[in-house]
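J.: With the sequence up front, the predicted model follows.
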Amino acid sequence: MNSTLLILLVCVATFSIIEASAQVASTQVAGTESFNLRVRSEPNILFIGGGGDYKAGTEVSIDVAPESFNDYTFVGWQIDGRWADGNPIKVRMDNSHSAIAVYSKDLAGSITIDAIPRIAEITVDGTIYLPDEFPLSFNWAEGSTHIISIPATIKESSGKRYVFDSWKDKNTDSDRTVTVGAGSQEFIALLKTQHYLKPITQYGTVIGGGWQDAGKTATFELESDVIVDKKDPNIRYVFESWDSGDYQNLPTNNIDIEDDAATVKAIWDTQYFVKLTTDIPDYELFGTGWYTQERKLALIAEESLESPDSDIKYVFEKWVSKGPNPVVIPDASSPVTQIIVSEPYVIQAQYKKSYLVNVWSPYGDVQGTGFYDEGSLAEIQISTNEVVVKPNQEKMIFDGWDTHGAKTMNFDEAGALEPTGAQNLLISVEKPETITAKWKTQYYLDVQSTEGKTKGSGWYDIGRLVPISVDTLSTPPGMWSVSAFDKWTGDLDSTSVNERIIMNKAKTIIAEFKQDSSPGILNSIILAAIGGVGLFVYTKIQKPKFNFKRPKNNYTEKQLNPFEKFRDNPFESDLQMPRGRPKTKAVMDWLMGK
């Protein structure tokens with residue numbers, strides 16, 4: 001029994017699919033995202049249930065399509081233009097979809113050959129049959145073999161083509177050899193529609209362009225969203241967006257493939273690297289980085305800074321363009337300003353450097369401590385040369401400046417006023433300086449005496465070995481005793497008239513004297529000797545005969561002459577001696593007849 005030729009009623013099923021998918025729109029149901037599922041047959045000969053609006057993520061089961069209806073035979077399901085296996089089928093609602101049950105009309109004949117859609121010729125046993133001759137019907141002998149072929153690709157335009165997918169019986173060979181069996185057989189070529197997706201980018205590379213199946217959501221992406229300029233590393237291009245698609249602001253984008261070629265263009269921003277520097281070590285300004293062309297950039301710097309040790313101060317002076325691309329900086333003397341970025345720039349915040357000069361003294365008032373501009377001169381002064389710590393005991397004497405290696409200058413070189421005293425100092429400030437006043441300690445030595453005149457009292461440096469002495473007293477005429485030096489007391493224990501003492505503190509030393517009777521004894525001896533000499537002379541001159549027994553009342557005391565009185569009692573004699581001469585010398589003169 002010859003089977004009837006199948007007459008395909010659908011001329012271009014793919015066009016209908018694309019049209020249906022274009023009419024599907026997502027809606028909002030009760031505030032929740034939902035998608036629409038459209039179900040129909042092609043040709044539209046019966047109703048198939050399952051269509052409607054569904055919440056996103058819902059898996060929808062479409063009703064079973066009858067295997068035959070009147071004189072039509074079920075060919076298969078197409079979901080968004082692609083053939084799907086099974087009957088019934090399930091569709092997951094992650095987007096709006098179109099489901100079409102494709103039918104063909106039964107024709108008389110044992111072998112039926114056709115294509116859906118009918119847009120490509122089919123060669124049967126070497127004979128080419130054009131699309132307007134479809135469907136083909138042959139009565140071949142059972143067991144005979146035949147060759148059927150269809151082109152793998154049929155290009156309709158530069159942006160649209162058809163690609164052989166498979167035969168209805170799932171055979172995927174576009175050129176196949178068939179063996180005629182018992183009963184009717186169908187060899188229907190199923191073609192799918194493809195459109196060309198052309199992502200365009202000025203920089204970098206796009207992955208995912210080319211031919212895409214109709215009704216499919218195509219994914220494409222940039223290999224990198226940042227491209228550095230090949231000639232200047234301070235220029236780069238940063239992806240900004242796509243001109244169309246589901247995710248226009250992301251490097252990876254999706255687009256629905258509809259009924260024509262699709263062109264998507266990447267939009268890029270040009271960025272320039274701006275480097276902000278300062279002439280202060282280890283101080284980095286905020287703002288260094290990449291900036292989009294023609295963007296306003298705020299330049300912000302600290303008005304003043306100090307070093308970690310607080311001995312260097314930096315005061316903002318101005319902004320300076322330092323790179324190969326000069327930039328006009330409005331209000332460059334202000335620490336806060338702004339520029340327009342149109343090229344890569346290097347901009348430096350310049351600071352005036354000043355150093356701390358620290359002047360210190362344990363005594364007196366010093367002047368000159370403060371910050372000085374680099375290269376300027378600092379005049380150091382101290383109010384006094386001498387400070388009394390303890391009256392009449394201890395004082396401090398200014399002993400110059402310890403500059404710790406600072407560069408000093410004399411007042412002639414600096415063209416400055418003459419210093420008012422040795423306590424003034426002039427230094428050239430080239431780094432932080434510490435200037436210290438040097439002082440030496442002096443102690444007072446108080447040398448006292450109960451009699452006589454001392455030497456050595458005064459102020460002396462600590463550690464000084466000081467000689468001290470006291471004048472000894474001469475013996476006056478007629479003195480029978482005299483005061484003589486005995487010893488030193490107080491902070492010195494010594495019996496030497498001339499001494500030395502080390503000054504390690506304030507000291508008081510007293511010269512002690514004692515009474516000496518040696519002059520009286522000496523005078524007595526001298527007078528006795530004179531008396532003996534006088535008696536001897538007298539006897540030689542008068543040659544008297546002495547009777548040591550004094551006769552009674554032979555003569556009175558008044559009858560004695562002066563010499564006899566002197567002889568008898570030299571110390572009570574009224575012998576007149578010349579004034580102004582010692583008694584011993586007067587006696588000798590008298591004896592000699594002077």
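T.: Cool, got the structure.

J.: going forward, measure contacts between C-alpha atoms and count neighbours the same way
T.: OK.

J.: Show me where the stretch 351-500 of the chain has its helices.
T.: Counting by DSSP state H, counting those that start in this stretch, the segments of the stretch 351-500 of the chain that form helices are 411-414.

J.: Which parts of it are strands?
T.: Under the criterion DSSP state E, counting those that start in this stretch, the stretch 351-500 of the chain contains strands at 366-367, 370-373, 377-382, 386-390, 394-402, 407-408, 425-428, 433-449, 454-455, 458-461, 465-470, 482-490, 499-502.

J.: Which of those sits closest to Ile45?
T.: Taking C-alpha to C-alpha as the criterion, Ile45 comes closest to strand 370-373 out of the strands of the stretch 351-500 of the chain, the separation being 99.0 Å.

J.: Show me what the closest one is packed against.
T.: strand 345-360 (3 or more C-alpha pairs under 8 Å, 6 or more residues apart in numbering; DSSP states H and E).

J.: Can I get the strand it packs on as CSV, trimmed to CA atoms?
T.: Output for strand 345-360, consisting of C-alpha atoms alone and laid out as CSV, is shown next (Å, rounded to 0.1, in the frame of the first residue of the first chain):
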residue,chain,number,x,y,z
TYR,A,345,50.2,64.9,34.8
VAL,A,346,52.9,65.0,37.5
ILE,A,347,52.1,67.8,40.1
GLN,A,348,54.3,68.6,43.1
ALA,A,349,53.3,70.4,46.2
GLN,A,350,56.3,72.4,47.3
TYR,A,351,56.9,73.4,50.9
LYS,A,352,59.2,75.9,52.5
LYS,A,353,61.4,74.1,55.0
SER,A,354,62.3,75.5,58.4
TYR,A,355,64.4,73.9,61.2
LEU,A,356,64.0,74.1,64.9
VAL,A,357,66.9,75.8,66.8
ASN,A,358,66.6,74.7,70.4
VAL,A,359,68.6,76.9,72.8
TRP,A,360,68.9,75.6,76.4
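
J.: which of the residues in that strand are buried?
T.: In terms of neighbour count (16 or more other C-alpha atoms under 10 Å), strand 345-360 has its buried residues at 345-351, 353-360.

J.: Kindly report the same for stretch 189-202.
T.: Using 16+ other C-alpha under 10 Å as the burial criterion, the residues of stretch 189-202 that qualify are 189-201.

J.: what's the answer for stretch 116-131, then?
T.: Within stretch 116-131, the residues scored as buried using 16+ other C-alpha under 10 Å are Ile116, Pro117, Arg118, Ile119, Ala120, Glu121, Ile122, Thr123, Val124, Pro131.

J.: Make TSV out of the residues you listed and add pLDDT.
T.: Compiled in TSV, the buried residues of stretch 116-131 are given as follows (pLDDT from 0 to 100):
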residue	pLDDT
Ile116	91
Pro117	91
Arg118	91
Ile119	91
Ala120	91
Glu121	94
Ile122	95
Thr123	95
Val124	95
Pro131	92
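
J.: so can I have CSV of those residues showing distance to Asp213 and secondary structure?
T.: As requested, the buried residues of stretch 116-131 are arranged in CSV below (distance: C-alpha to C-alpha, whole Å; DSSP: H, G, I helix; E, B strand; the rest coil):
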residue, distance to Asp213, secondary structure
Ile116, 15, strand
Pro117, 15, coil
Arg118, 18, coil
Ile119, 17, coil
Ala120, 18, coil
Glu121, 21, coil
Ile122, 22, strand
Thr123, 25, strand
Val124, 28, strand
Pro131, 22, helix
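
J.: what's the burial count for the closest residue in space to Gly49 that isn't next to it in sequence?
T.: If you skip the residues right next to it in sequence, Gly49 has Asp63 as its closest partner in space, 5.4 Å away by C-alpha to C-alpha, 6 or more residues apart in numbering. Burial measure for Asp63: 16 neighbouring residues, criterion other C-alpha atoms under 10 Å.

J.: just so I know, which of the strands of the stretch 351-500 of the chain lies nearest Leu285?
T.: Closest of the strands of the stretch 351-500 of the chain to Leu285 is strand 370-373, at 23.0 Å (criterion: C-alpha to C-alpha).

J.: So for Gly81, which of the strands of the stretch 351-500 of the chain sits nearest?
T.: In this view, the strands of the stretch 351-500 of the chain are compared for proximity to Gly81 by C-alpha to C-alpha, and strand 370-373 is the closest at 82.5 Å.

J.: So for the closest one, what gets flagged as buried?
T.: Residues of strand 370-373 classed as buried: Phe371, Tyr372, Asp373 (neighbour count, 16+ other C-alpha under 10 Å).

J.: Could you list the residues in contact with that strand?
T.: With contacts defined as C-alpha atoms under 8 Å, 6 or more residues apart in numbering, strand 370-373 is touched by Ile312, Lys313, Lys352, Lys353, Ser354, Tyr355, Leu356, Val357, Asn358, Ala378, Val429.

J.: Quick check: the farthest pair among these?
T.: The most widely separated members of those are Lys352 and Asn358, with 19.4 Å between them, by C-alpha to C-alpha.

J.: Can you tell me which of the contacts of strand 370-373 lies closest to Thr270?
T.: Set against Thr270, the nearest of the contacts of strand 370-373 by C-alpha to C-alpha is Lys352 (36.0 Å).

J.: what's the domain layout of the protein?
T.: What automatic domain parsing lists as the domains of the chain is 13-150+167-188, 442-518, 520-591.

J.: how would you label Ile525: helix, strand or coil?
T.: Judged by DSSP: H, G, I helix; E, B strand; the rest coil, the three-state class of Ile525 is helix.

J.: which residues sit in contact with it?
T.: Contacts for Ile525 (C-alpha under 8 Å, 6+ apart) come out as none.

J.: what does Arg295 give?
T.: Residues in contact with Arg295 (C-alpha under 8 Å, 6+ apart) are Ile340, Val341, Ser342.

J.: and those residues, which of them are in helices?
T.: Among those, no residue falls in helices (DSSP state H).

J.: May I see the buried residues of stretch 148-165?
T.: Buried residues in stretch 148-165, defined by neighbour count with 16+ other C-alpha under 10 Å: Ile148, Ser149, Ile150, Thr153, Ile154, Gly159, Lys160, Arg161, Tyr162, Val163, Phe164, Asp165.

J.: Farthest pair within these?
T.: In terms of C-alpha to C-alpha, the buried residues of stretch 148-165 reach their longest pairwise distance at Ile148 and Gly159, which sit 28.3 Å apart.

J.: Using CSV, list the CA coordinates for stretch 179-195.
T.: Output in CSV follows, covering the C-alpha atoms of stretch 179-195 (Å, rounded to 0.1, in the frame of the first residue of the first chain):
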residue,chain,number,x,y,z
THR,A,179,17.2,1.5,2.7
VAL,A,180,13.5,1.2,1.9
GLY,A,181,11.6,-0.9,4.4
ALA,A,182,8.1,-2.1,4.6
GLY,A,183,5.4,0.5,4.9
SER,A,184,5.6,4.2,4.6
GLN,A,185,8.7,6.2,5.5
GLU,A,186,9.4,9.9,6.1
PHE,A,187,12.7,11.7,5.6
ILE,A,188,12.2,15.3,6.8
ALA,A,189,15.2,17.6,7.2
LEU,A,190,14.9,19.9,10.2
LEU,A,191,16.8,23.3,9.8
LYS,A,192,17.4,25.9,12.4
THR,A,193,17.7,29.6,11.8
GLN,A,194,20.8,31.5,12.9
HIS,A,195,21.6,35.3,13.1
